[in-house]
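1. Here is a sequence together with a model predicted from it:
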Amino acid sequence: AEALQAPRLGRPVDAQEVARWDLSVFPDGRGLPAGRGNAAEGAILFRQHCAACHGAGGRGASAEELAGGTEPLTSPTPDKTIGLYWPYATTVFDFVRRAKPMTAPGTLSADEVYALTAYLLYANGLLGETDEMDARTLPRLRMPNRDGFTGIDATLPPR
Amino acid sequence: AEALQAPRLGRPVDAQEVARWDLSVFPDGRGLPAGRGNAAEGAILFRQHCAACHGAGGRGASAEELAGGTEPLTSPTPDKTIGLYWPYATTVFDFVRRAKPMTAPGTLSADEVYALTAYLLYANGLLGETDEMDARTLPRLRMPNRDGFTGIDATLPPR
Amino acid sequence: TAGSAAAPLQAAAPAVSAGDPSPPWMHAPGRPFTVYGQPSKHEQQVIRRISGNRLLPGNGVSLTPLEELEGIITPTGLHFERHHNGVPDIDPAQHRLLIHGRVKRALSFCVDDLLRYPMRSQLLVLECGGNSNAGWHPEPIQRPVGSFHGLVSCSEWTGVPLSVLLDEAGIEPRTTWAVAEGADAFAMNVSLPVAKLMDDAIVALYQNGERLRPEHGYPLRLIVPGWEGVLNVKWLRRLQLSEQPLMARNETAKYTELLPDGKARMFTFVMEAKSLITSPSHGQHLRGPDVYAISGLAWSGRGRIRRVEVSADGGRSWADATLQDPVLPRCMTRFRAAWKWDGRPTVLKSRATDETGDVQPERSALVAQRGTNGYFHYNAIVSWAVDEEGNVRHVYA
Amino acid sequence: TAGSAAAPLQAAAPAVSAGDPSPPWMHAPGRPFTVYGQPSKHEQQVIRRISGNRLLPGNGVSLTPLEELEGIITPTGLHFERHHNGVPDIDPAQHRLLIHGRVKRALSFCVDDLLRYPMRSQLLVLECGGNSNAGWHPEPIQRPVGSFHGLVSCSEWTGVPLSVLLDEAGIEPRTTWAVAEGADAFAMNVSLPVAKLMDDAIVALYQNGERLRPEHGYPLRLIVPGWEGVLNVKWLRRLQLSEQPLMARNETAKYTELLPDGKARMFTFVMEAKSLITSPSHGQHLRGPDVYAISGLAWSGRGRIRRVEVSADGGRSWADATLQDPVLPRCMTRFRAAWKWDGRPTVLKSRATDETGDVQPERSALVAQRGTNGYFHYNAIVSWAVDEEGNVRHVYA
Ligand code: HEC
Ligand code: HEC
Ligand SMILES: [Ca+2]
Ligand SMILES: [Ca+2]
Ligand SMILES: [Ca+2]
Ligand SMILES: [Ca+2]
Ligand SMILES: [Ca+2]
Ligand SMILES: [Ca+2]
Ligand SMILES: [Co+2]
Ligand SMILES: [Co+2]
C-alpha cells in the first residue's frame, strides 16, 4: 500500500449508529438480533411471501429450490439445497433478512426472519416443527455439509 | 510499415469512375473541369446563394468575411481575407465546388463555380469584372500572399 | 435531415450530375451537435443480450456482445451486468460508505468527500465468476461468443485506493477479513481478505472517464483487480472489518465449485488465464479460401498475458499470436494472427499463458479436474469449427 | 421503480424500523437490465458544451467537460466534436473508400471488406488544432477548463493500418503527399505526407471498442497519431496520392498560424507537449486549508510524456507529479500530486515535458514567439489562481 497524502474527511460514527447500519450475521451468531420463531410460524409466512417464486414447500418454481433435495453432492446431478450444501445455518438468517422477499427486501421483522429460517431448516429435515430459533440456538445448529468446503485463494476459518 | 498478411479485397476502379469521384483541384489546375464564368455572373449567384450568410459583397455576417479586408497581415488585427491571405486561387474553386452553398453543397454547376470564384477574386480586387475564369486562366492567377507561408512539419512544394 | 430542419435557411434544389457518385449526405447539412453521443442507428443490433428471471426482471444478467467489438475497451453502455434485484436509483447526496468493525474509529464517508481524495486509475478486466458456464454443458452451446462468454468486459476504473480509507479508520491487529455490502435491493454481501483490499483495491467513482453508471454501481463500487465480478461490490455502502469471513450466501451456496468427490472449492477469487477468438467465431461465415485476420481477447486475473498461441488445426500445431500493445496486468489483451484458410474443414483454438506461467487448459483437462458441476470459473480453451462452406460453430474438440 | 412496475408480483408494505438508515432503494426491486447503458440521471450536467453557428447549427464545436472526468479515457458520448456542416447519416452499405492518384491500381473498398483486414488498436489523444485558442485573448477567459481546453479527448481507436491498403494499391515512386476527403456535407479535405500515412496512420472502424459513432466518422475515419484533429478526416471516402499537397482551404486559409511578421506557419501537424490541472480548476471551490489532490492531464503528439511538474507558488518552485500508469505514446497521461493548501492566495500551474525533451512553454514565451494572431496550436502553461476564500479562477501569471 502506497503512503498517499490524503485529507481525513471520514465522519466518526458511534456504536449505536453502526448497529443500525449493520446487517451482518456471522457463523458464531454475531449480529443476530433479539427475537424468536419456529417452523410452524414460518410455514405460514413462507406461503404468504415466498412460495409464489420458490414453490410450495420451497420445492422450486421460477426461483430455485430451497428444500426437498435428494441427490447427494457426489451425484452427477447433485441437489445443492440448504440441507445438502449450505455450511452454516446463520447464512439463512443473514440472507433472508437482507434480501427477502425479493419484492420488498429488508421489510421482515426479526421474529419473522427467525420463523422463516426455522421453516427452511425444518423443510430440509434439520429441525423439528416447533423447535425455537433465536440468537442462542441458531448458531449452534451444525449443518450436514459444514466441512464440505476447501479454501482456495484464502484459507477457511479454523473449525 | 509492418508486413501484415492481408486479403486483397480492393475492387479495381477505372479512370472514368475515378474522375467521377475526384473533387480535387490542385494549384497547377489539375482537377479543374471544363466551363467558364466571370465576376459579373458570379455577383448574381453570390447574392442568391451566399450573401445571406457572408453579407453583401462578402463583407461578413453570420459567416466570415470573404472580401473587403484592409488590415495587413502584420497588423495587430489582420484581415485574413482571400485577397490578403490565401496563397492560391485554385483553392477558392476547390472549396466552393465541394462545400458551397452550405445549405446545398456540391450542387453548383462548373460554370457557376467559375463565376463565383471570379466574383470572390474580383471582390478582393484581384480580377476585373468581366475577366473570364476557366481551367486555363484560374491557375495562372498569382495571389498576393503566394509566398507568405513557411512549412513546419512538411516542406512547401518548390515555387 | 435533423440538421436542415433546424437550419433557418432553405436548401437549394440539388443539381447533381447523373454520373456523380456522391451520396445524398454530401449535399445537405448533417445533423447538429449533441450533448451526449449515441451509436449509429446502423449499429442498433450491437446491444447487451438480456437473460433475466421471468417474475423478477431485475434478476439475471446482460452480456457484452464480444463478437461485435474490437480493441480492449468495452464501451460502458455494453459492459455486462449482473444484478440480483435490479439497479437501484441512488441519490448520491444520500449515499454513505461506512467503514467499521475491527477499526480504531468507525468512519462514514459521503460521496462528495470521497471525490476529494487522491485517486488511482487502472485499465482492468471485470469477469463474472459464472462467465462461460455453458462450457460445463455436455453439448457445445450454439450461440455467438458474446452470448456465451460475454460476462466479461474491460474498463478504466478510477477511484480512491481503499488502503487510504482503511488507514484513516485504523485497522486493528489480527484483522484478516472484511465484509463488503451494497446498497441495492439484494444488499449484496461478500467477504474479502483485508490483505487484498490493502494491496490494490479501489473504491471506484469513475468508469471510462465518467462517473459510474447506475448499473455498474453508481455512486461507488469496490474494484478488486483480477478477482471475480461478485467481489467487486456495486453501490458499496458498508465495509466491516473482521477476524472471520461472514459465510454469506454468495460465498457458500453460490460462487463455490462443487467437485465430483462432493467437496466444494470455496474462496476462488482469482479469474485464471483465458482467451477466445472473437473473429472468426460462432455464427460467422467465411466467404471462401483466403487470408483471414484472427482477432481475439486474452486476460488473466494473475497479471499480464505473456503469450497467446493460436491453432488452426484443432490443437495439433500452435503458433504465437501478436499481442497488441499495451499488455497490462489484469487487463484485456487483444491478440491477432493471420490465417490462410485453404477451404477445408478445420478447428480454430487459442490458448493463453500469463506471466505466472499459468496456461489455459483444454476443456477435457478442466473437466477431468473439476467435473461438470462446478458452475463457476470455466476458463477452458474455446474451439470453433469451420466447415467446408465457411460456417463457423462452437465445438468441443 | 421501473423494476417493480415490470415485476408481475406485488410488493409487500414496507415495515422498516424507525432507526433503520437503509434507503428506499434497498427495499424495492431496482430497474431491470438495459440493452445499452446511459449515465445516471444525477450526472445530467456532465455534457458536451455546444458552440455553434446561429444560421447553421451543424457548424461549430462541442467540447469535452474535462473538469467532470477522471482517468485518461474520454467516454465516447463526451468526445469533443468539430463539424463544418453537420453529422452525415451514412448508410455503411453505400459507403466506399477510394484510393487513387499516384498508385499502380486505383482501388475501392467497401466497409464490410475493410472489416476483414488485419487491425491495430491504439489509445490516442485527439486534439483540435484550435483547442485552447482563447489563450491567445488578451484577458484570461473565465470558463471551466473543459469549455476552454475541451477540444481534446482520448480514445482507443482500432482499424486497418493504412500502409496495408496503400501497399495493395501500390504507391508510385516520388509520391510524397496524399489528399484525404470526407463524405460529409463539407467534403472536408486536407493533404498529408505519405510517409506519415505509411508509418502509423489507421483507417479507424472502432472507437473505444464499438464501431465509430456518426459524429466521430462512422463508418470510417482516418487516424494520424499525434497530429492535429482536422487531419484525422472523418467519414473518409477518398485518398488521392500525389506529388504535391492540394493547398486546400483547410490547410491555407485555416489551420495555418499567422506570425507577427506577416508570415504564416503552414503544415503544423504535430500537437506539442501540453498539460493542465483539471482539479482544482477554474470555477471550483476549496473548502479551506487542507490537503488537496491535484489531478490533471498531459499529452504530446511527439510521443510519451516523460515528466509533469506542478507549481503551487505561481511558478517559483516546481515538484514532479506522479504519472499514472500506463504512460503511452501520444496518449493522455493522468498526473497527480498532493498539495497542502495553507489558505493563502496562490497560483497553481503544471508543465509537461515529453520524451523528445519538448517542454510546455509559459504563455509569455509562446506569445513572444508567435504573437497573438496564430489562433491554432496554443499549448502554453495554464495557471489557476486560488484566492483566500478558496475560489479558483483562470489567470495569466
Ligand atoms: C419474486 C420472487 C421471489 C420471492 C417472492 C422470494 N424469492 Fe427467494 N429467491 C428468488 C430468486 C430469483 C433467488 C435467486 C437470487 C439470486 O441469487 O440472484 C432467490 C434465492 C433465495 C434463496 C437462496 C437459495 C440458494 O440456494 O442460494 C433463499 C434462501 C430464498 N430465496 C428464500 C426466500 C424466502 C424465505 C422468501 C420469502 C420471505 C423468498 N425467498 C421470496 C426469488 C424470490
Ligand atoms: C448557411 C450559411 C452559408 C452559406 C449560404 C454560404 N456560406 Fe460560405 N461559409 C459559411 C460558414 C459557416 C463558413 C465557415 C466554415 C467552416 O470553416 O466551418 C463559410 C466559409 C466560406 C469560405 C471560406 C472563408 C475562409 O476565409 O476560410 C468561402 C470562400 C465561402 N464560405 C464561400 C461561400 C460561397 C461562394 C457561398 C455561396 C455559393 C457561400 N459561402 C454560402 C456559411 C455559409
Ligand atoms: Ca434434483
Ligand atoms: Ca478587420
Ligand atoms: Ca456489425
Ligand atoms: Ca489454472
Ligand atoms: Ca459532478
Ligand atoms: Ca515546442
Ligand atoms: Co470464485
Ligand atoms: Co496545425
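-> Nice, thanks for sending it over. Ligands and ions are numbered 1, 2, ... in the order given.
2. Tell me who's in contact with residue 24.
-> Went with chain A since none was named. Residues near residue A:24 by Cβ atoms under 8 Å, 6 or more residues apart in numbering or on different chains: A:30, A:31, A:94, C:179, C:181, C:189, C:240, C:246. All C-beta atoms are positioned from the backbone trio N, CA, C, and that covers glycine.
3. can you count the residues close to the second one?
-> Put plainly, it is residue A:31. Neighbour count for residue A:31, taken as other Cβ atoms under 10 Å in any protein chain shown: 19.
4. Would you list the phi and psi of whichever residue of the stretch 251-397 of chain C sits closest to chain B?
-> Closest contact between the stretch 251-397 of chain C and chain B, by Cβ to the nearest Cβ, is at residue C:338 (3.6 Å). The phi/psi pair for residue C:338 (degrees, to the nearest 10) reads phi -90, psi 140.
5. returning to what we had before: buried ones from the contacts of residue A:24, can you make that a ChimeraX selection?
-> One line in ChimeraX is enough to select the buried members of the contacts of residue A:24, burial here meaning 16 or more other Cβ atoms under 10 Å in any protein chain shown:
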select /A:31,94 /C:179,181,189,240,246
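6. The contacts of residue A:24 in strands, which ones?
-> With strands taken from DSSP state E, the overlap with the contacts of residue A:24 comprises C:179, C:181, C:189, C:240.
7. Quick check: which ranges of the chain have low pLDDT?
-> Let's take chain A. For chain A, applying pLDDT under 70 flags the ranges A:1-3.
8. look at chain C instead
-> C:1-19.
9. just the helices in it please.
-> C:2-6, C:111-114, C:145-149, C:162-169, C:194-200, C:249-252, C:363-370 (DSSP state H).
10. how far out from the middle of the chain is the last one?
-> Read that as helix C:363-370. Put simply, helix C:363-370 sits 24 Å off its chain's centre (Cα atoms, centre = their mean, to the nearest Å).
11. Same question for the fourth one.
-> For helix C:162-169, the gap between its own C-alpha mean and the chain's C-alpha mean amounts to 27 Å (Cα atoms, centre = their mean).
12. So what touches that helix?
-> For helix C:162-169, contacts defined as Cβ under 8 Å, 6+ apart pick out A:1-2, A:4, A:6, A:8, A:10, C:97, C:99-100, C:103-107, C:109, C:117-118, C:194, C:197-199, C:201-203, C:222, C:239, C:241.
13. buried stuff in that helix?
-> For helix C:162-169, the neighbour count (16+ other Cβ under 10 Å) marks C:162, C:163, C:164, C:165, C:166, C:167, C:168, C:169 as buried.
14. picking up where we left off before, restrict the contacts of helix C:162-169 to the buried ones and give me that as a PyMOL selection.
-> The PyMOL selection below is limited to those of these classed as buried (16+ other Cβ under 10 Å):
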select buried, (chain A and resi 4+6+10) or (chain C and resi 97+99+100+103+106+107+109+117+118+194+197+198+201+202+203+222+239+241)
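15. Looking at the contacts of helix C:162-169, which are in strands?
-> Judged by DSSP E, strands contain the following of the contacts of helix C:162-169: C:97, C:99, C:100, C:107, C:109, C:202, C:203, C:222, C:239, C:241.
16. What is the most widely separated pair among those?
-> Spatial extent of those (Cβ to Cβ) is set by the pair C:100 and C:202 at 19.6 Å.
17. which one of the ones in strands among the contacts of residue A:24 is nearest residue D:129?
-> Nearest to residue D:129 among these, with distances taken as Cβ to Cβ, is residue C:181, at 49.9 Å.
18. Quickly list what that closest one is bridged to.
-> Judged by DSSP bridges, the bridge partners of residue C:181 are residue C:189, residue C:238.
19. For it, give its distance to ligand 2.
-> Distance, residue C:181 to ligand 2, by Cβ to the nearest ligand atom, to the nearest Å: 53 Å.
20. List the contacts of that residue.
-> Contact partners of residue C:181, counting by Cβ under 8 Å, 6+ apart, are A:23, A:24, C:187, C:188, C:189, C:233, C:236, C:237, C:238, C:239, C:240.
21. surely residue C:315 meets residue C:348?
-> No - using Cβ atoms under 8 Å, residue C:315 makes no contact with residue C:348, being 9.8 Å away.
22. Give the intersection of the neighbour lists for the two.
-> Common contacts of residue C:315 and residue C:348 (Cβ under 8 Å, 6+ apart): residue C:383.
23. Kindly identify which of the contacts of helix C:162-169 also come near chain B.
-> Residues of the contacts of helix C:162-169 in contact with chain B (Cβ under 8 Å from any Cβ of the partner chain): none.
24. Verify the stated contact: residue C:271 with residue C:300.
-> Yes - with contact defined as Cβ under 8 Å, residue C:271 reaches residue C:300; the gap is 7.4 Å.
25. do stretch C:313-321 and chain D meet at all?
-> No - on the criterion Cβ under 8 Å from any Cβ, stretch C:313-321 is out of touch with chain D, staying 11.6 Å away.
26. what does stretch C:205-213 rub up against?
-> For stretch C:205-213, contacts defined as Cβ under 8 Å, 6+ apart pick out C:73, C:75-76, C:79, C:111, C:114-115, C:119, C:121, C:155-160, C:204, C:216, C:218-221, D:37-40, D:43, D:46, D:68-75, D:78, D:208.
27. got the residue ranges for the helices in chain A?
-> Using DSSP H, the helices of chain A run over residues A:15-21, A:39-49, A:51-54, A:82-85, A:90-99, A:110-123.
28. Tell me if the longest one is near chain D.
-> No - applying Cβ under 8 Å from any Cβ, one finds helix A:110-123 out of contact with chain D, separated by at least 8.8 Å.
29. name the helices or strands packed onto that helix?
-> When contacts are defined as 3 or more Cβ pairs under 8 Å, 6 or more residues apart in numbering or on different chains; DSSP states H and E, helix A:110-123 sits against helix A:39-49, helix A:82-85, helix A:90-99.
30. what sits against residue A:102?
-> The contact partners of residue A:102, by Cβ under 8 Å, 6+ apart, come to A:53, A:63, C:56, C:59, C:85, C:185, D:29.
31. give me the number of residues near the fourth one?
-> Other residues near residue C:59 come to 25 when the count uses other Cβ under 10 Å.
32. Would you confirm that it contacts residue C:83?
-> Yes - in terms of Cβ under 8 Å, residue C:59 counts as a neighbour of residue C:83; the distance is 6.9 Å.
33. How about the residue in chain A positioned nearest to ligand 3: what's its closest non-neighbour residue?
-> Going by Cβ to the ion, ligand 3 is nearest to residue A:79 of chain A, at 4.4 Å. Sequence neighbours aside, residue A:69 is the residue nearest to residue A:79 in space, at 2.9 Å (criterion: Cβ to Cβ, 6 or more residues apart in numbering or on different chains).
34. for residue C:172, same thing?
-> Nearest one to residue C:172, counting by Cβ to Cβ, 6+ apart, is residue C:102 at 4.1 Å.
35. how much space is there between the one you found and residue C:178?
-> Distance of residue C:102 to residue C:178, computed by Cβ to Cβ, to the nearest Å: 9 Å.
36. ok, those two, which is more surrounded?
-> Neighbour totals were compared for residue C:102 and residue C:178, and residue C:178 leads with 29 against 19 (other Cβ under 10 Å).
37. Contact partners for that one?
-> C:101, C:191, C:192, C:193, C:194, C:197, C:239, C:240, C:241, C:242 are the contacts of residue C:178 under Cβ under 8 Å, 6+ apart.
38. Quick check: bridge partners of the fourth one?
-> Translated: residue C:193. Counting by DSSP bridges, residue C:193 is bridged to residue C:177.
39. Quick one: residues contacting it.
-> Listed by Cβ under 8 Å, 6+ apart, the contact set of residue C:193 reads A:154, C:176, C:177, C:178.
40. Which one of those is nearest to chain B?
-> The closest of those, once distances to chain B are taken by Cβ to the nearest Cβ, is residue A:154, at 44.9 Å.
41. how many neighbours does that closest one have?
-> Residue A:154 has 19 nearby residues by other Cβ under 10 Å.
42. Confirm for me that it is in contact with residue C:267.
-> Yes - if you go by Cβ under 8 Å, residue A:154 and residue C:267 touch, sitting 4.2 Å apart.
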